[in-house]
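K.L.:
can't give you the sequence, but here's the structure:
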């Protein structure tokens with residue numbers, strides 16, 4: 001049978017396997033093995049491919065960036081960084097109408113610079129900021145939407161696990177991808193903050209009133225209170241400046257920056273007396289579990305990608321799509337729509353591992369900057385984790401809140417933030433320099 005036809009069959013089977021609930025890594029590895037066996041007619045050839053790929057796919061030194069940044073985020077989390085950042089942000093924005101919501105966005109932005117995982121931000125700030133917003137009269141759906149929407153900053157602002165995966169698949173420098181997310185991340189923070197302010201201005205009922213038009217008391221933010229709040233999180237800010245600033249200035253490789261950040265987060269946790277032996281070992285265990293899961297996905301994706309390459313499907317797609325009477329930007333939009341559809345069905349990493357091996361060669365052939373495409377792809381994929389029926393961030397919040405919130409309430413509260421993210425994607429599409437300017441200075 002024609003290898004190209006076998007490759008197409010494997011793509012269809014992969015989608016079917018994922019939709020049926022089979023774990024993505026298992027689906028990728030098995031179908032990659034099966035496809036090579038089918039094309040070569042020799043099970044030994046397929047077995048050797050799996051064996052060599054399992055070694056070569058993650059043997060590169062740069063892959064150590066993942067466990068270091070995962071450990072850094074976990075250590076910072078158990079050190080109470082989320083709470084400290086929220087209190088500091090609230091002290092700054094507390095006097096503004098809607099300030100608690102804006103403070104949640106600002107705190108999530110800074111917290112994103114030490115975690116790199118949206119789900120972690122969603123779970124932590126569901127426990128920290130949501131009770132405060134509800135206590136001060138915020139509409140429940142609105143408050144849930146603020147937490148869910150701002151949590152996606154964890155995958156855009158560096159260090160981001162999605163950027164690491166994208167760097168592996170695209171062979172772009174992970175350090176340049178990290179830096180590429182800085183300006184877009186800050187712009188999204190500004191869009192969210194202005195959006196919250198505008199929503200509260202247009203609909204004052206989002207922050208409930210009591211008595212005769214008297215607003216529920218907003219938290220005070222005295223000058224001394226601001227300085228005291230900022231002092232509690234100075235260590236986290238220094239940690240971010242040293243690790244990410246070191247990458248941009250060329251002092252550290254991303255791997256070295258991750259090691260420095262993890263060690264700094266450990267020292268910070270000991271200094272605050274929030275880490276003991278049991279917590280430390282749990283952090284190491286969770287780091288190992290997270291890293292092993294991502295590495296297994298990367299190995300499986302490489303097995304599948306090599307099978308697709310052997311089938312000739314990638315070259316066929318590149319030639320076919322390039323010959324279509326469609327503007328190149330239209331093809332990019334089609335790819336982004338595919339991301340949105342997949343986002344309703346699976347998690348972010350799985351979407352990248354499924355779609356990018358087929359898309360990246362086409363994007364490169366069309367002459368688009370892969371770093372720009374990486375930033376846009378991450379944002380669009382993150383929209384998917386806020387949409388039903390999958391909505392990974394939404395389910396993380398539900399798990400953290402239990403019976404305090406319903407899935408429907410979180411999805412409904414997230415809708416305005418989905419529109420803000422859609423506006424943000426349009427901005428990135430028309431102004432690619434927002435993603436490529438900083439990496440160009442490295």
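P.N.:
Now that the structure is in, tell me what you want to look at. This is a predicted model, so every value here is computed, not measured. Numbers count the residues shown, from 1 in each chain.
K.L.:
residues contacting residue 134?
P.N.:
140, 143 (C-beta atoms under 8 Å, 6 or more residues apart in numbering). Backbone N, C-alpha and C define where each C-beta goes, glycine included.
K.L.:
quickly find the element holding it.
P.N.:
Residue 134 belongs to helix 118-135 when assigned by DSSP states H and E.
K.L.:
so which elements touch the next helix or strand after that helix?
P.N.:
Following helix 118-135 in sequence order, the next helix or strand is helix 140-151 (DSSP H and E). Counting contacts by 3 or more C-beta pairs under 8 Å, 6 or more residues apart in numbering; DSSP states H and E, helix 140-151 packs against helix 99-115, helix 118-135, helix 182-202, helix 392-401, helix 407-430.
K.L.:
that older thread, buried residues, the helix holding residue 134. List them.
P.N.:
For helix 118-135, a neighbour-count test (16 or more other C-beta atoms under 10 Å) marks 118-126, 128-130, 132-134 as buried.
K.L.:
distance from the chain centre to that helix, please.
P.N.:
Computed by C-alpha atoms, centre = their mean, to the nearest Å, the chain-centroid distance of helix 118-135 equals 17 Å.
K.L.:
what do you get for stretch 303-321?
P.N.:
Using C-alpha atoms, centre = their mean, the offset of stretch 303-321 from its chain centre is 27 Å.
K.L.:
pretty sure residue 361 sits in a helix.
P.N.:
Yes - under DSSP: H, G, I helix; E, B strand; the rest coil, residue 361 sits within a helix.
K.L.:
surely it and residue 320 touch.
P.N.:
No - when contacts are counted by C-beta atoms under 8 Å, residue 361 is not listed as touching residue 320 (11.8 Å).
K.L.:
neighbour count winner among the two?
P.N.:
Ranked by neighbour count (other C-beta atoms under 10 Å), residue 361 and residue 320 place residue 361 first, with 16 against 10.
K.L.:
closest one to residue 334 out of the buried residues of helix 118-135, please.
P.N.:
Residue 334 lies nearest to residue 118 out of the buried residues of helix 118-135, by C-beta to C-beta, at 25.1 Å.
K.L.:
which residue packs closest to the closest one, ignoring adjacent ones?
P.N.:
Nearest residue to residue 118, sequence neighbours excluded (C-beta to C-beta, 6 or more residues apart in numbering): residue 154, at 3.9 Å.
K.L.:
next, the angle from the helix holding residue 134 to helix 392-401.
P.N.:
Put simply, helix 118-135 runs at 60 degrees to helix 392-401, going by axes from the mean of the first three to the mean of the last three C-alpha atoms, to 10 degrees.
K.L.:
let me see the mean pLDDT of helix 118-135.
P.N.:
Computed over helix 118-135, the mean pLDDT rounds to 78.
K.L.:
what angle separates that helix from helix 407-430?
P.N.:
Going by the same axes, to 10 degrees, helix 118-135 makes 120 degrees with helix 407-430.
K.L.:
what's the angle from helix 118-135 to helix 140-151?
P.N.:
Using the same axes, to 10 degrees: helix 118-135 against helix 140-151 is 150 degrees.
K.L.:
okay, the angle between helix 118-135 and helix 99-115?
P.N.:
160 degrees.
K.L.:
sketch out the low-pLDDT regions of the stretch 1-150 of the chain for me.
P.N.:
By pLDDT under 70, the low-scoring segments of the stretch 1-150 of the chain are 57-58, 60-62, 81-82, 94, 116-117.
K.L.:
just the residues contacting stretch 384-398, thanks.
P.N.:
The contact list for stretch 384-398 (C-beta under 8 Å, 6+ apart) reads 118-119, 122-123, 126, 144, 147-149, 151-152, 339-340, 342-348, 351, 405-407, 410-411, 414, 417-418, 421.
K.L.:
about what we covered before: any idea how far residue 147 is from the residue nearest to residue 118?
P.N.:
12 Å (C-beta to C-beta, to the nearest Å).
K.L.:
repeat for residue 282
P.N.:
Distance from residue 282 to residue 147, by C-beta to C-beta: 25 Å.
K.L.:
residue ranges for the strands of the protein, please.
P.N.:
For the chain, applying DSSP state E gives strands covering 209-210, 214-215.
K.L.:
hey, which helix is longest across this protein?
P.N.:
The helix that spans the most residues within the chain, counting by DSSP state H, is helix 277-311.
K.L.:
for that helix, name the packing helices and strands.
P.N.:
Under the contact criterion of 3+ C-beta pairs under 8 Å, 6+ apart, helix 277-311 touches helix 3-19, helix 24-40, helix 43-56, helix 65-78, helix 161-170, helix 348-365.
K.L.:
and if we set it to 10 Å?
P.N.:
helix 3-19, helix 24-40, helix 43-56, helix 65-78, helix 161-170, helix 254-271, helix 313-323, helix 348-365 (3 or more C-beta pairs under 10 Å, 6 or more residues apart in numbering; DSSP states H and E).
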